Every structure is written in structure tokens, then in C-alpha cells.
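J.: 3D model of this:
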Amino acid sequence: MDVEKKILSVIQKDFPLENRPFLRLAEKVGLEEDFFLEKVRELQEKRIIRQVSAVFNPSFFGHRSGLFALRAKEENLIQTIEIINSHQGVSHNYLRSHDYNLWFILVVPPGKDLLTEADNLCKRCQIEDFLFLPALRVFKISTVLEVEGYENEKNEEIGFQKQTEESFSEKDVWFVKHLQEPLPLIKEPFKPIAEKLGVREEEIFSWLMEVQKQGGLRRFGALVKHDRLGYKTNVMVAWKVPQKKIESFVKEVTNKTFITHCYERKTYPFWDYNLYTMCHFKNEEEIKLIEELAQKIDITEYLMLTTLKELKKVRLKLFYDDVFTA
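T.: From the prediction side, this is the model:
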């Protein structure tokens, strides 16, 4: 298992954009390339690693996304879940401990209206009461999970960030479609992709680095299933944080390894929780860390929305409606 920890500590981020990336990673942890690749394949077979690929910022490529929460009736719950999960733009769907019991992320490609799409989806579920909670600011996104005994070198995407929209070409769409797919677990994984795209590998690397510089690429690396690493308890916390305390709150959040996401979201008179954090724990006893955080920053109003069941969690494929011909 120690070998697996070594591999997981380096393959989730800072993935080398070069011809033999697995050789470089293997050298970093003192392993042979063939052995490293064999172990990565085993981790994928065990469903610890979901895939190795690019993780793009949907809003950069004209997509719109939002968090939605529904009040689904118990008698219609199974049918409602099936309808929501069948939508190509739903990447995450969770059953949580609240009257608003279904929480899902919906993403729509260019040319579609997010709220209209969500409204149509809810009508199919015969649900009228739902929350639309788009992100206003992103303070932390760190899908890189800590591996026990190996510290992460840096957090991912920390700071006061706003969603942006840049111009993009059909070439960009073509590159996104191929690079969001699982990277082949072979010595020269970018070679077959370059052949499909009709370009040199170096053009792929330079494109990825340029898109990352502009904010369109969040990271390139392995996507790991948190529950397979022992993170069995997951809690979304909705906080009521006064404006004057937001900056200090964010500073505390970005230093907490159990918090992977932090967003400021739209509020309503009847629902005035403005900040949301996603927390991952290896056991229920660790939930007390949320209470300790609240006490430290003197926040008294917050909701702990425990994940009762993961209903859908997939890699969202951008341009799933084939808006552009490629």
C-alpha cells in the first residue's frame, strides 16, 4: 500500500505535459516506469483512480453551471432520481439530510439557458419548489485528496476568483473533447491523441499550458474516488457569514485539508446562506472539526447537510450536445 500512496501523492496534480509523463512521475518517487504504470492500472481496476485526464473550467468554454436543491417527495423519490440522473449535464447528484433532499450540479453547453433547462427538468419530476444556487465567487477548489503520510505541496485554485468567459475556437472544442477523455495508460499516452487530432504532441502540450494560463484548465492529473481512500463521511455546510467576516472565513477554510471546496452562492430572503464548503472525513467523529471551525471564526448560523447517498458522480463531458461540429 505504501507504493500506492507514493503514486497517488504525485499523479493527482502537476502531471508532466511531455512525451513520457509516467517515466517522469516514476522517477519522482523512485520507481521504474513499467512498474509505475502497472500499479496505476491496478489502482484504476480497484476504482481508486477514476481516470487520468484534463479537468477543464466549464465557464471558460461558454458553459453555465449551477447547484440546485429540490424537495423530492418520498413516494416519488426513485422516479425523480432517475429523471435527474438521466440528464447528460448532471454530473453530481446527492441525497442529503434536509427537507431540500436532492442536491445536484447541472451544466449546460453554449446556446442553452441554465435556469430554463433546470426548470424543465424539475417539471418532469413534478417538482415546483427548488433552489437555484449559482456560484458568485469560487474561493477554493481542491479535488486533490490527501494521501496519508504524504503532504500535498500546494492547494489548487485558492483565492478570490470569479467565473470568466473567454472566446474559443472550434479547434479548442476539438482539443477539449479529446483531452477530457481518459488518458491511455501507456508509456507515450499523448501519441494516439495527437494522431487523432492530426497534430504533434508538442502542440497539445503548448495548447494545454496556454489554456491553463488563461484559466480554462484547472489541472491535468488523476481523478480519485474519495471513498476508496477512506473518506466515508461527506458533509456540505451552508454558512451565514457576514460580509465583514468573509475574508477571514476564507483564510481559515483554505488552510483546512478536510475542506475541498468553498463557494459564495446566491441567496434569497427565505434562504440566506451565502457560503458553502464541502467537507470530507474518514469517520463521523471528525465532524466535530466543523463545529470547532465555527467557534473559531464566531459563526453561529450554519447547516450541516450530510450526504446520505451518492446518487451520481461522473466526469462531465463538455460540449455534450455537440454544439460545434468537430
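J.: going forward, measure contacts and count neighbours with C-alpha atoms only.
T.: Will do.
J.: Tell me which stretches of the stretch 1-150 of the chain form helices.
T.: All helices of the stretch 1-150 of the chain, identified by DSSP state H, counting those that start in this stretch, fall at 2-11, 21-28, 33-45, 77-85, 114-124.
J.: Could you give the average pLDDT over the first one?
T.: Read that as helix 2-11. Mean pLDDT, helix 2-11: 90.
J.: hang on, residue 89 packs against residue 106?
T.: Yes: taking contacts as Cα atoms under 8 Å, residue 89 lies within contact range of residue 106: 5.4 Å.
J.: so what's the closest residue to residue 79 other than its chain neighbours up against?
T.: In space, and not counting its chain neighbours, residue 79 is closest to residue 125: 7.5 Å by Cα to Cα, 6 or more residues apart in numbering. Counting by Cα atoms under 8 Å, 6 or more residues apart in numbering, residue 125 touches 79, 80, 83.
J.: okay, now the first one: neighbour count?
T.: For residue 79, the count of nearby residues is 14 (other Cα atoms under 10 Å).
J.: Report pLDDT for it.
T.: At residue 79, pLDDT is 96.
J.: What of the one 10 residues further on?
T.: As predicted, residue 89 sits at a pLDDT of 94.
J.: what pairs with the closest residue in space to it that isn't next to it in sequence across the strands?
T.: Closest residue to residue 89 apart from its sequence neighbours, by Cα to Cα, 6+ apart: residue 107 at 4.9 Å. In this entry, residue 107 is beta-bridged to residue 65, by DSSP bridges.
J.: From residue 243, how far off is residue 107?
T.: Residue 107 is 28 Å from residue 243, where distance means Cα to Cα, to the nearest Å.
J.: Look at those two and report which has more neighbours.
T.: Neighbour tally, residue 107 and residue 243, criterion other Cα under 10 Å: the higher count belongs to residue 107, 27 against 9.
J.: dump the residue contacts of that one.
T.: Applying Cα under 8 Å, 6+ apart, the residues contacting residue 107 are 58, 63, 64, 65, 66, 89, 90, 91, 114.
J.: Tell me the one of those residues nearest residue 6?
T.: Proximity of the contacts of residue 107 to residue 6 (Cα to Cα) peaks at residue 91, which lies at 29.0 Å.
J.: so the closest one touches residue 311, yeah?
T.: No: if you go by Cα under 8 Å, residue 91 and residue 311 don't touch, sitting 10.0 Å apart.
J.: Quick check: pLDDT value at the nearest residue to residue 310 once chain neighbours are set aside.
T.: Excluding the flanking residues, the one nearest residue 310 by Cα to Cα, 6+ apart is residue 94, at 4.8 Å. The model reports residue 94 with a pLDDT of 96.
J.: Ok, residue 316 next?
T.: Value for residue 316, per-residue pLDDT: 83.
J.: same thing with residue 152?
T.: 40.
J.: Which SSE is immediately downstream of the lowest-mean-pLDDT helix or strand in the chain?
T.: Sorting the helices and strands of the chain by mean pLDDT, DSSP states H and E puts strand 158-161 at the bottom, at a mean of 41. With elements assigned by DSSP states H and E, the helix or strand that comes after strand 158-161 is helix 170-179.
J.: ok, and what's touching the next helix or strand along the chain from that following helix?
T.: Sequence order places helix 190-197 as the next helix or strand after helix 170-179, per DSSP H and E. Residues from elsewhere that reach helix 190-197, judged by Cα under 8 Å, 6+ apart: 19, 174, 175, 178, 179, 183, 184, 200, 201, 204.
J.: Dump the residues you listed into JSON lines; add neighbour count as well.
T.: Listed next are the contacts of helix 190-197 as JSON lines, based on neighbours: other Cα atoms under 10 Å:
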{"residue": "19", "neighbour count": "16"}
{"residue": "174", "neighbour count": "15"}
{"residue": "175", "neighbour count": "18"}
{"residue": "178", "neighbour count": "17"}
{"residue": "179", "neighbour count": "20"}
{"residue": "183", "neighbour count": "19"}
{"residue": "184", "neighbour count": "16"}
{"residue": "200", "neighbour count": "13"}
{"residue": "201", "neighbour count": "21"}
{"residue": "204", "neighbour count": "20"}
